[in-house]
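Trainee: Build me a structure from this.
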Amino acid sequence: MPSVPHDDAPPLADLMPWSVAPPRLGRGWPTAADPASLKARWDALMKAEGPDREALFEPTRSRTPHSAVGRLPGQTSGTEKLVRASGPCPEPVRVLYAPFDEQWLIPDHRLIDAARPELWRVADEHQIFVVETPESPGPGLLATSLLPLLRPGRVRPLFRRPGGTEPNLAPGLLDHLSARLGHSPTPVDFLAWTLATVRPGLTVPLTEDPDLWAQGVELGRRTLWLMRRDGDRPKLPGGRRPYVRAPLPTLPLTVHYDRDEETLHLEEGRISPVPPEAWDFEAGGVRVLEQWFAARTTEGPEPGTLAAIRPAAWPQAWTSELLELITVLALLAELRPRQRELTQTAPITTAELRKAGVLPVPDAAHRPASVLDHHEEGPEGQFALI
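Mentor: As a prediction, the model looks like this:
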């Protein structure tokens, strides 16, 4: 099938019009690769008083221990000013901290400079967040069920309301695709197609060929499953599955990849086989495995800071996460040749969508929906006025 100029394909920003800037923490210590460290950091903050608490907190112009802010939607943290706070740590939640790097966050609005409450309001088991990433090299889009903290790209929720209702798609888009394809795609089908075909510049070629659409959706759904990692655990075929061949040291500080032996050396620890495609996999311009390892081992936080409270030994859970990450990256790399073929499909053009009235989208589609069905607690226990 002949290809067409890339600029004929509609931009993702038109097809999924509501987007939000990622949360901005303002301080690093409320996130960690393990929840136990976060609880220990919170306990250290609660034990400190006066100027010591303020120094540990690391104040910014947006947040200090005296800031009065409401509770994050869906969370149960306190709302009294942090300078007077006491009690246990709010239960940490899983977040996507960096490409393919799932870490933990203390979900307390008082700790976060710009939490983006509109994202928290629509975060549930049905939601899928699409995250724009720097493309060169690596995927231009990631998808996750977790609240994403990646910067600087925009976050585009698939649904505008909780419960998987009101897709964040240009009004009339699915109906137009239904008429051209002869069947009704779902919002997740559209997202799967987008993940499989998105081009540099974040344009999305749309096809009228039902067989080609089915191939793209199948490929995209596998991509989505691997990126979300919230179902059955992915596995490589027998003989290719990575294993720990030599025990990892107490806390390895260096990582080295032997391409000939397909072995990952964590000092005297060894994991193999690790396919070159997994080691070379990049996102946001960096090797994913190197970045993942550095986030857990790089020395840097000054002694006496909350961020310096970290595991003294390598947790077993990190080994399991590393083995799964190697598997995910290897399986994603296998999909790339088929994805490149799909990006050359002849699209339903931007001009066609304009003629059909799908584009431009109304201004309201660029703004969050009103999703409140209950009161949210504001500062100092008062109900928020929204």
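Trainee: what are the ranges of the strands in the stretch 151-300 of the chain?
Mentor: With DSSP state E, counting those that start in this stretch as the criterion, the stretch 151-300 of the chain has strands at 155-157, 159-161, 165-167, 243-246, 256-258, 263-266, 269-272, 282-283, 286-287.
Trainee: Out of the ones you listed, flag the one nearest Thr207.
Mentor: Smallest distance to Thr207 across those (Cβ to Cβ): 19.3 Å, for strand 165-167. Placement of C-beta: from N, CA and C, glycine included.
Trainee: Packing partners of that closest one?
Mentor: strand 159-161 (3 or more Cβ pairs under 8 Å, 6 or more residues apart in numbering; DSSP states H and E).
Trainee: quick one on the thing from earlier: tell me which of the strands of the stretch 151-300 of the chain sits most buried.
Mentor: Mean neighbour count (mean count of other Cβ atoms under 10 Å) peaks for strand 155-157 among these, with a mean of 23.
Trainee: show me the residues around Glu166 that make contact.
Mentor: Counting by Cβ atoms under 8 Å, 6 or more residues apart in numbering, Glu166 makes contact with Phe159, Arg160, Ala369.
Trainee: Pass me the low-pLDDT residue ranges in the stretch 251-386 of the chain, would you?
Mentor: 300, 345-346, 371-378, 380-386 (pLDDT under 70).
Trainee: likewise the stretch 1-150 of the chain?
Mentor: Using pLDDT under 70, the stretch 1-150 of the chain drops low at 1-7, 135-136.
Trainee: A helix includes Ala55, no?
Mentor: Yes: assignment of Ala55 by DSSP: H, G, I helix; E, B strand; the rest coil places it within a helix.
Trainee: which stretches of the protein form helices?
Mentor: 12-15, 35-47, 50-57, 117-121, 173-181, 187-197, 210-228, 276-279, 288-297, 316-342, 350-355 (DSSP state H).
Trainee: Mind putting those helices into a markdown table with distance to Ala307 and mean neighbour count?
Mentor: A markdown table is the format used below for these (distance: least, Cβ to Cβ, whole Å; neighbours: other Cβ atoms under 10 Å):
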| stretch | distance to Ala307 | mean neighbour count |
| --- | --- | --- |
| helix 12-15 | 35 | 20 |
| helix 35-47 | 8 | 18 |
| helix 50-57 | 10 | 15 |
| helix 117-121 | 23 | 20 |
| helix 173-181 | 44 | 17 |
| helix 187-197 | 34 | 24 |
| helix 210-228 | 28 | 19 |
| helix 276-279 | 28 | 18 |
| helix 288-297 | 12 | 19 |
| helix 316-342 | 18 | 17 |
| helix 350-355 | 46 | 16 |
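Trainee: between these, which one is nearest to Ala143?
Mentor: The nearest among those, by Cβ to Cβ, is helix 210-228 at 4.7 Å.
Trainee: what is the rounded mean pLDDT of the closest one?
Mentor: What helix 210-228 shows for mean pLDDT is 96.
Trainee: Let me know the angle separating it from helix 187-197.
Mentor: In terms of direction (axes from the mean of the first three to the mean of the last three Cα atoms, to 10 degrees), helix 210-228 departs from helix 187-197 by 90 degrees.
Trainee: Between the two ends of stretch 103-111, what distance do you get?
Mentor: Taking Cα to Cα, to the nearest Å, stretch 103-111 runs 16 Å from one end to the other.
Trainee: again, but for stretch 159-176
Mentor: End-to-end distance for stretch 159-176, by Cα to Cα: 19 Å.
Trainee: Burial check on Pro311, number of neighbours?
Mentor: By the criterion of other Cβ atoms under 10 Å, Pro311 has 17 neighbours.
Trainee: Name the nearest residue to it, sequence neighbours excluded.
Mentor: Using Cβ to Cβ, 6 or more residues apart in numbering and skipping residues adjacent in sequence, the residue nearest Pro311 is Asp34, 5.9 Å away.
Trainee: okay, now the domains of the protein?
Mentor: 6-232+344-381, 243-330 (automatic domain parsing).
Trainee: now the ones you listed in CSV, with distance to Arg338?
Mentor: Output for the domains of the chain, formatted as CSV (distance: least, Cβ to Cβ, whole Å):
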stretch, distance to Arg338
domain 6-232+344-381, 6
domain 243-330, 14
